[in-house]
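Enquirer: here are the coordinates; sequence isn't available:
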């Protein structure tokens, strides 16, 4: 059993991907840390509304932090996580290829981080020459699937015509999916399309979309609590724009001043109180958390 589908990016602007033939659509979501495909949400919604399987992918670059790239991708695709296949596209960056061994390390870092944050094991997209020439053993060992690309020519392919891979994979035993042409044509769109075949049925696709491990929730941060109170200062104390010793100082109140507060919080090693003001709030440390009444009474 196999599924036929396409992958799209901003080049397919104006296309209703839900109306053309196919079982799935893979949509470019992000690139680097500052580019979101303007067609992403529209194409993703069209795919799901048509009852098709959806994949979303990030195009990795070597000119920005990998963790930041992963977080940028996860923020963009957050509404779809757990419902769609997550993919990393490893090709070229900033106009020059990163198809070298150092690039494998960047790929592994991105894949591991996304898996850690979501529990969903992403799939890697790359070309067969790249798969053959680099040492992917660390990625294979971590059980990340492969979406392989290979074109034998650029002749027009009318309708889905999956074929066998020319040559063979060197590191993966099998591929999850195969992109076999970039010049596919389907009724309803007058331009070229990438054609892909997924080696499995819809339930197999869903296994790539769902979390395979539980993700520990991030510990809750400190919370404000109500505290309507009047403090009298023992010493001069700084009022700040935020509950942090690095925040800007609004004023320095002399000893003997009174401060009326409405909330309190323990943060950054200090206990802070909030003072309502006509133009917002000011924040005052009542003292270190091991002696919270050092400055006030």
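Expert: Everything's here; your move. As the structure is a prediction and not an experimental result, all values here were calculated from the model.
Enquirer: Just the element for residue 71, please.
Expert: Applying DSSP states H and E as the criterion places residue 71 in helix 66-77.
Enquirer: From the chain's centroid, how far away is that helix?
Expert: Taking C-alpha atoms, centre = their mean, to the nearest Å, one finds helix 66-77 lying 3 Å from the centre of the chain it belongs to.
Enquirer: moving C-terminal of it, what's the next helix or strand?
Expert: Downstream of helix 66-77, the first helix or strand assigned by DSSP H and E is strand 85-89.
Enquirer: List the pairing partners of that next one within its sheet, with orientation.
Expert: Each strand paired with strand 85-89, and its direction, by DSSP bridges: strand 53-59 (parallel), strand 123-127 (parallel).
Enquirer: from those strands, which stretch is densest packed?
Expert: Mean neighbours per residue, mean count of other C-beta atoms under 10 Å, is largest over the strands paired with strand 85-89 for strand 53-59, with a mean of 25. Backbone N, C-alpha and C define where each C-beta goes, glycine included.
Enquirer: Please enumerate residues in contact with that strand?
Expert: 3, 5, 7, 23-32, 40, 44, 47-48, 69-70, 72-73, 77, 80, 83-89, 91, 110, 123, 125, 198, 202, 205-206, 209 (C-beta atoms under 8 Å, 6 or more residues apart in numbering).
Enquirer: Weed out the non-buried ones from the residues you listed.
Expert: Using 16 or more other C-beta atoms under 10 Å as the burial test, the contacts of strand 53-59 include 3, 5, 7, 23-32, 40, 44, 47-48, 69-70, 72-73, 77, 80, 83-89, 110, 123, 125, 198, 205, 209 as buried.
Enquirer: Any idea how many residues pack against residue 113?
Expert: Other residues within reach of residue 113, judged by other C-beta atoms under 10 Å, total 18.
Enquirer: Quick check: it touching residue 70?
Expert: Yes. Here residue 113 reaches residue 70: they are 4.6 Å apart, a contact under C-beta atoms under 8 Å.
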